[in-house]
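A.B. asks: Give me coordinates for this.
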Amino acid sequence: MGYQIKIYLVGRRHPAVLADAIGSYEKRIKGHVSLEWVILKSDKELEERLASKEYYCFDVLGKDYTSESFSKLLTSKMHWNFVIGGASGLPKEVVKGARALISFSKFTFPHEIVRLLVVEQIYRAFEIGRGSPYHK
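C.D. replies: Below is the predicted model of the structure:
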């Protein structure tokens, strides 16, 4: 398997209302991408797990990407660590340690919905790279 992506977050497992949709995209990328959700119990645990890693945070204050530019970014290297903030957002220390911040929108979304947005955009990014009609 080529690409390896870990998505770190503080919270609980995926809410039932979103689990099927998230699972659908996970199945679609299986075989192309090893995707792992690292769901932690506290901000402190998140900070400890990220301490020696290069990671990118999804944050409203981050850089805006189009789906095409995110695809180029995502396919530019094989290993990624992404971080989604919890109900209270991202801890300041995690934001300070991030390689970069990535924004989906200037809107604020519930962190559970961001999970779905992230996995869908990962799938879309690889479909763009393959020239698939999915993105059209």
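
A.B. asks: Would you indicate which residues of the longest helix along the chain are buried?
C.D. replies: Criterion DSSP state H: the longest helix present in the chain is helix 111-130. The neighbour-count check on helix 111-130 (16 or more other CB atoms under 10 Å) flags 111-112, 114-116, 118-128 as buried. All C-beta spots, glycine's among them, are computed from the backbone N, C-alpha and C.

A.B. asks: Looking at those residues, which is nearest Val38?
C.D. replies: Among the buried residues of helix 111-130, Arg115 lies closest to Val38 (CB to CB), at 12.1 Å.

A.B. asks: which stretches of the protein form helices?
C.D. replies: Under DSSP H, the chain gives helices at 16-29, 43-50, 67-74, 92-97, 111-130.

A.B. asks: among these, which is nearest Leu9?
C.D. replies: Judging the helices of the chain by CB to CB, what sits closest to Leu9 is helix 111-130, at 6.9 Å.

A.B. asks: for the record, mean pLDDT for that closest one?
C.D. replies: Mean pLDDT, computed over helix 111-130, is 93.

A.B. asks: need the helices of the chain in JSON lines with distance to Ser105, can you?
C.D. replies: Formatted as JSON lines, those follow (distance: least, CB to CB, whole Å):
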{"stretch": "helix 16-29", "distance to Ser105": "18"}
{"stretch": "helix 43-50", "distance to Ser105": "23"}
{"stretch": "helix 67-74", "distance to Ser105": "13"}
{"stretch": "helix 92-97", "distance to Ser105": "18"}
{"stretch": "helix 111-130", "distance to Ser105": "9"}
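
A.B. asks: I'd say Leu101 and Asp64 touch.
C.D. replies: No: assessed by CB atoms under 8 Å, Leu101 is found out of contact with Asp64, at 10.4 Å.

A.B. asks: of these two, who's got more company?
C.D. replies: Neighbour count, other CB atoms under 10 Å: between Leu101 and Asp64, Leu101 has more, with 16 against 11.
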